[in-house]
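Any chance you can model this:
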Amino acid sequence: MLESQKNAFFLSDEVCYLNNAYMSPSLKSAEEAGIIGLQKKRFPYEIGMTDFFNPTEKIREEFGKIIHTTDYKRIVIIPSVSYGMATVAQNLKISAGQNIIVAGEQFPSNIYPWMKLCKENQAHLKIIDAPKENLHRGKIWNEQILDAINADTKMVALGHIHWADGTLFQLEEIRKRTREVGALLVIDGTQSVGALPFDMQKIQADALICASYKWLLGPYSIGLAYYGEYFDEGKPLEENWINRHESENLAGLVNYQEKYHEKALRYEVGEHSNFILIPIVLAALQQINQWGVANIQEYCKNLTEAPVQIIREMGYQIEALEHRSSHLFGISLPNPRFVSSRNETEYSMEAIKSKFKEHNIHVSFRGEFIRIATYLFNDKRDMEKLIQCLS
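Model prediction:
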């Protein structure tokens, strides 16, 4: 069982950081790797041909361990989720009358491409809003998504969890239903992959897109994507030299190639060999694999289980564990009946924001939710501070 890994980060004991879903703090080991990468530019003559390829190959292997695949040529470096989703949109063959299904209020990078694509092709964007029920909300939401998938569905585009409240989407069931109707399943894993187990062998997503700066503990402006067989012969967003057949032969680059590298490698962003960011990403992925994703989720579960119960007893509402993640979850304010019976207490987002600021507690407020995002640098003291402020 993992213990607190706060010493692996630079966080001060004075800060209660419950906001990894906003941006992760730097690992000490990853920062050191980035500094070494930065310093390599001092002596460019020491950067050789293998430095363009070997580090990214190692990243594919490490990310492959996290998502449970050894098909590394399906894993590519991207600059952002929007870039990864734009690649999907460019290669999605959708006809008038077909539909794309998304969850209500999911992150914009997994909405805007489908809005444009549907508008251009007279297709329909079906938004499945969260149920109004508080009891079994996640269960009902998943059932509504499954019911919405029909013969006209071309793609379902979701997160593994909802980015605002941690609602867990049952991807294996959704994948089974999409296969029955011949639809694609595209996942934004930014708020889950690296902290919540994801098994590509079981889910078999057609695409998985992840920014690195949250639960993959990497830097901003770089991410990772997995593209399945549907995209093997697709059109990349850009034409760059490194994605072409035999690009490893720098001396022969003017022997222009029409052929791309195998499988998904055509979709990598230009200059993806980034000599500063790539070492940071690699160090972070190696550390995550050393800890183990399942162990990270278990640590967050053990850390938050008792505090969640206490917070519920105060009147706040939190989804049942079987319908949400443990590393990221939403707290909503007590219902009006509870508040009216305790009229001496101010239950408002503004009051809570003020209290959190006073006690140096960092969270995010997303819609009606106080979003709590814990990680291995959090401990019992952080939970005690959270409870104290909410009370």
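
for the chain, where's the lowest mean pLDDT among helices and strands?
The helix or strand of the chain with the poorest confidence is helix 336-340; it has a mean of 53 (mean pLDDT, DSSP states H and E).

Relative to Trp215, how far out is Leu196?
As defined by CB to CB, to the nearest Å, Leu196 lies at a distance of 8 Å from Trp215. Backbone N, C-alpha and C define where each C-beta goes, glycine included.

These two - which one has more neighbours?
With other CB atoms under 10 Å as the criterion, Leu196 and Trp215 differ in neighbour count, and Trp215 comes out ahead with 28 against 22.

Tell me if I'm right that that one and Gln297 touch.
No: with contact defined as CB atoms under 8 Å, Trp215 does not reach Gln297; the gap is 10.3 Å.

Now list whatever residues contact both of those two.
Contact with both Trp215 and Gln297 is made by residues Ala195, Leu196, His327, according to CB atoms under 8 Å, 6 or more residues apart in numbering.

I'd like these laid out as CSV, including distance to Leu390 and pLDDT.
Conversion of those to CSV gives the following (distance: CB to CB, whole Å; pLDDT from 0 to 100):
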residue, distance to Leu390, pLDDT
Ala195, 23, 98
Leu196, 24, 98
His327, 19, 98
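
What segments of the stretch 151-300 of the chain are strands?
Defined through DSSP state E, counting those that start in this stretch, the strands belonging to the stretch 151-300 of the chain, from first to last, are 153-159, 184-188, 207-211, 223-227.

now the first one, how far from the centre of its chain.
Chain-centre distance of strand 153-159: 16 Å, with CA atoms, centre = their mean, to the nearest Å.

Run through the residues that contact Glu62.
Shown in contact with Glu62 (CB under 8 Å, 6+ apart): Leu282, Leu285, Gln286, Ile288, Asn289.

one step back: right, and the strands of the stretch 151-300 of the chain - which one's nearest Gln39?
With CB to CB, the closest approach to Gln39 among these belongs to strand 223-227: 24.5 Å.

Just the mean pLDDT for the closest one, thanks.
Along strand 223-227, the predicted local confidence has a mean pLDDT of 98.

which helices and strands does that strand pack with?
Using 3 or more CB pairs under 8 Å, 6 or more residues apart in numbering; DSSP states H and E as the contact definition, the elements that strand 223-227 packs against are helix 54-67, strand 75-78, helix 81-91, strand 207-211.

Now the first one: buried residues?
Spelled out, that is helix 54-67. Buried positions in helix 54-67, judged by neighbour count with 16 or more other CB atoms under 10 Å: Pro55, Thr56, Lys58, Ile59, Arg60, Glu62, Phe63, Gly64, Lys65, Ile66, Ile67.

now swap in the shortest one and tell me
For strand 75-78, the buried set under the neighbour-count rule, 16+ other CB under 10 Å, comprises Ile75, Val76, Ile77, Ile78.

Could you export those residues as JSON lines, including distance to Met1 and pLDDT?
Formatted as JSON lines, these follow (distance: CB to CB, whole Å; pLDDT from 0 to 100):
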{"residue": "Ile75", "distance to Met1": "30", "pLDDT": "98"}
{"residue": "Val76", "distance to Met1": "35", "pLDDT": "98"}
{"residue": "Ile77", "distance to Met1": "33", "pLDDT": "98"}
{"residue": "Ile78", "distance to Met1": "34", "pLDDT": "98"}
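
now, among those residues, which is nearest to Pro44?
Within these, distances to Pro44 taken as CB to CB reach their minimum at Ile77, with 21.1 Å.

residues contacting the residue nearest to the closest one when sequence neighbours are not counted?
Distance criterion CB to CB, 6 or more residues apart in numbering; nearest residue to Ile77, sequence neighbours excluded, is His272 at 3.8 Å. With contact taken as CB under 8 Å, 6+ apart, His272 is in contact with Thr56, Val76, Ile77, Ile242, Ile278.

Ile361 versus the third one, what's the distance?
Okay, so that is Ile77. As defined by CB to CB, Ile77 lies at a distance of 35 Å from Ile361.

and what of the fourth one?
Look at Ile242 and Ile361: by CB to CB, they are 44 Å apart.

Could you list the buried residues of stretch 125-139?
Judged by neighbour count (16+ other CB under 10 Å), stretch 125-139 contains these buried residues: Leu125, Lys126, Ile127, Ile128, Ala130, Pro131, Arg137, Gly138, Lys139.

same check, this time on stretch 349-362
Under the neighbour-count criterion of 16+ other CB under 10 Å, stretch 349-362 has Ile352, Phe356, Ile361 buried.
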